[in-house]
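Undergrad: predicted coordinates and the sequence they were generated for:
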Amino acid sequence: MEEKSPEYPKSEEEFVSDTAEEILDSLLYESNLYVVGVGGCGCNTVEYIAEKDVDSVKTVAINTDEKVLGKSDADRQMLIGKELTDGNGAEGDPSIGKRAAEQSEGQILKTIDDADMIVVVAGMGGGTGSGASEVIADLARRNGKMVVTYAVMPFSAEKERYKKAESALESVSELSNATTVFENDKTLVHSDESPEDAFEMADKMLYRLVEKLKMDYIQEFFDEIGLDAMGLSESVPDAEQESEKEVQEPAVLEAIKYVDEKKEDQTLEGKLESYTP
């Protein structure tokens, strides 16, 4: 049998398979998903994603505190409202955080301009996270980005912060396509757990959310172009498939709140007495 020359055209099946793999590689490794940390808690949580160096994900740290921002390893760091705060933070005042973001809208939009989807990560109850997150979510949404907000709620024992957090959460949820809420209280269900455990779990849950969003985005694209039935899932790297299996929650594309039916073995006030953030 005569050997086929290199120029011999590929079969339709080979052509589709090779094309699909090229598309998959492009979607996996081009940065179209941005994880945006807002304020101290948000930026700290995004650090976990930055350290993981997740393919096709860019990290952005946005803050009013220049000193804290300088310690960030995110792909991009942005100081907002410098004329307003002189780089010294929002002093726990959401109105200052909001004004700082409004003053820096052009800078924010330029930073997220090439994103298809952004995950706004913010600790609710403080100044920058509570105030600036809604401005960023609104700006992204108005400019055609899908917006998923990951909100970390303070401990309910922090009564003043919690009240501000609830108000901020309501505002940002109205401006987001989906909102995932991480309740710090829900982690303190055993006497040997600490507030530090809550922060570590918040980091890990954000990582799982980002992996879930990334794979859902790819799957949705393939569904739209009608290629999923051709075995494209087999082309996804093993590591990506494994991370997808591990993701049980949070569900995305719908607003959810973590619920834990376990009883607390110790009062939250008691746990917080000796805790210094």
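TA: Sure, I can see it. Small disclaimer: the values here were computed from a predicted structure and weren't measured.
Undergrad: next, Gly37: secondary structure please.
TA: Of the three states, Gly37 takes strand under DSSP: H, G, I helix; E, B strand; the rest coil.
Undergrad: so where is the stretch 51-200 of the chain shaky, pLDDT-wise?
TA: The model of the stretch 51-200 of the chain has pLDDT under 70 over residues 188-195, 197-198.
Undergrad: make it 90
TA: Along the stretch 51-200 of the chain, the parts satisfying pLDDT under 90 run over 51-57, 68, 70-71, 114, 116, 155-157, 177-178, 182-200.
Undergrad: break down it into its helices, ranges please.
TA: 66-69, 82-85, 94-103, 105-112, 128-142, 159-174, 195-225 (DSSP state H, counting those that start in this stretch).
Undergrad: tell me which of those sits nearest to Val119.
TA: helix 195-225 (6.3 Å; CB to CB). For every residue, glycine as well, the C-beta is placed using N, CA and C.
Undergrad: quick one: end-to-end distance for stretch 102-119.
TA: End-to-end distance for stretch 102-119, by CA to CA, to the nearest Å: 19 Å.
Undergrad: tally of neighbours for Gly144?
TA: Neighbours of Gly144 under the rule other CB atoms under 10 Å: 8.
Undergrad: same question, Asp113
TA: Asp113 has 11 neighbouring residues, counting by other CB under 10 Å.
Undergrad: what sits closest to it if chain neighbours are left out?
TA: Take Asp113 and drop its neighbours on the chain: the residue closest to it by CB to CB, 6 or more residues apart in numbering is Asn143, 7.6 Å away.
Undergrad: out of the helices of the stretch 51-200 of the chain, nearest to Val57?
TA: helix 195-225 (6.0 Å).
Undergrad: and the closest residue to Val172 other than its chain neighbours, what does it touch?
TA: Among residues not flanking Val172 along the chain, Glu134 sits closest, at 4.5 Å (CB to CB, 6+ apart). By CB atoms under 8 Å, 6 or more residues apart in numbering, the residues touching Glu134 are 98, 168, 171-172, 175.
Undergrad: and Thr59, how many neighbours?
TA: Neighbours of Thr59 under the rule other CB under 10 Å: 28.
Undergrad: that one contacts Val46, doesn't it?
TA: Yes. Because the distance of 5.2 Å satisfies CB atoms under 8 Å, Thr59 is recorded as touching Val46.
Undergrad: mutual contacts of those two, please.
TA: Each of 35-37, 74 lies in contact with both Thr59 and Val46 under the rule CB under 8 Å, 6+ apart.
Undergrad: as a markdown table, those residues with distance to Val210 would be great.
TA: Listed next are the shared contacts of Thr59 and Val46 as a markdown table, based on distance: CB to CB, whole Å:
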| residue | distance to Val210 |
| --- | --- |
| Val35 | 6 |
| Val36 | 12 |
| Gly37 | 12 |
| Ala74 | 13 |
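Undergrad: give me whichever of the helices of the stretch 51-200 of the chain is most buried.
TA: Ranked by mean neighbour count, the helices of the stretch 51-200 of the chain are led by helix 128-142 with a mean of 26 (mean count of other CB atoms under 10 Å).
Undergrad: CA atoms only for it, dumped as PDB, please.
TA: Extracted in PDB, the C-alpha atoms of helix 128-142 (Å, rounded to 0.1, in the frame of the first residue of the first chain):
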ATOM      1  CA  THR A 128     -13.100  48.800  51.100                       C
ATOM      2  CA  GLY A 129     -14.600  45.300  50.600                       C
ATOM      3  CA  SER A 130     -18.100  46.400  51.500                       C
ATOM      4  CA  GLY A 131     -18.100  49.700  49.700                       C
ATOM      5  CA  ALA A 132     -16.000  49.100  46.600                       C
ATOM      6  CA  SER A 133     -17.200  45.600  45.700                       C
ATOM      7  CA  GLU A 134     -20.600  46.800  44.600                       C
ATOM      8  CA  VAL A 135     -19.100  49.500  42.300                       C
ATOM      9  CA  ILE A 136     -16.700  46.900  40.700                       C
ATOM     10  CA  ALA A 137     -19.500  44.400  40.200                       C
ATOM     11  CA  ASP A 138     -21.800  47.100  38.700                       C
ATOM     12  CA  LEU A 139     -19.000  48.400  36.400                       C
ATOM     13  CA  ALA A 140     -18.200  44.900  35.200                       C
ATOM     14  CA  ARG A 141     -21.800  43.900  34.600                       C
ATOM     15  CA  ARG A 142     -22.500  47.100  32.600                       C
END
